[in-house]
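Asker: Show me how the following folds:
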Amino acid sequence: MKSTQKFTAIIEREGDGYLSLYPELDIASQGDNIEEARRNPIEALELFFETADPSEVKNRLHTNY
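Answerer: Numbers count the residues shown, from 1 in each chain. Got it, this is the predicted structure:
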């Protein structure tokens, strides 16, 4: 059974594009528009959770946001 967790996405304009930051995990991505900035990090987040050691997840997971 898969578990579901919600994360905060902070999306800001940066130059000609948009930056998205997921502060709970210190993961960032970018896109040409807001939708891309929201969608692009999904693969990075999935890959992180699939490959990271549980101790790495615990060390990077900031829950005070």
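Asker: Give me the secondary structure label for the closest residue in space to residue 22 that isn't next to it in sequence.
Answerer: Excluding its sequence neighbours, the residue lying closest to residue 22 (Cβ to Cβ, 6 or more residues apart in numbering) is residue 7, at 5.0 Å. Just so you know, the C-beta spots here come from the backbone N, C-alpha and C atoms, and that holds for glycine as well. Put simply, residue 7 is coil when judged by DSSP: H, G, I helix; E, B strand; the rest coil.
Asker: Grab the most central residue of the protein for me.
Answerer: residue 22 (4.0 Å; Cα atoms, centre = their mean).
Asker: thinking residue 9 is in contact with residue 20, fair?
Answerer: Yes. Look at residue 9 against residue 20 with Cβ atoms under 8 Å: they come within range, at 5.5 Å.
Asker: Are there residues contacting both of those two? Which ones?
Answerer: Counting by Cβ atoms under 8 Å, 6 or more residues apart in numbering, the contacts common to residue 9 and residue 20 are 38, 41.
Asker: How far does stretch 10-28 stretch from one end to the other?
Answerer: One end of stretch 10-28 sits 9 Å from the other (Cα to Cα, to the nearest Å).
Asker: Pull out the buried positions in it.
Answerer: By neighbour count with 16 or more other Cβ atoms under 10 Å, stretch 10-28 contains the buried residues 11, 18, 20-22, 24-25.
Asker: how far out from the middle of the chain is that stretch?
Answerer: For stretch 10-28, the separation from the chain centroid amounts to 8 Å (computed by Cα atoms, centre = their mean, to the nearest Å).
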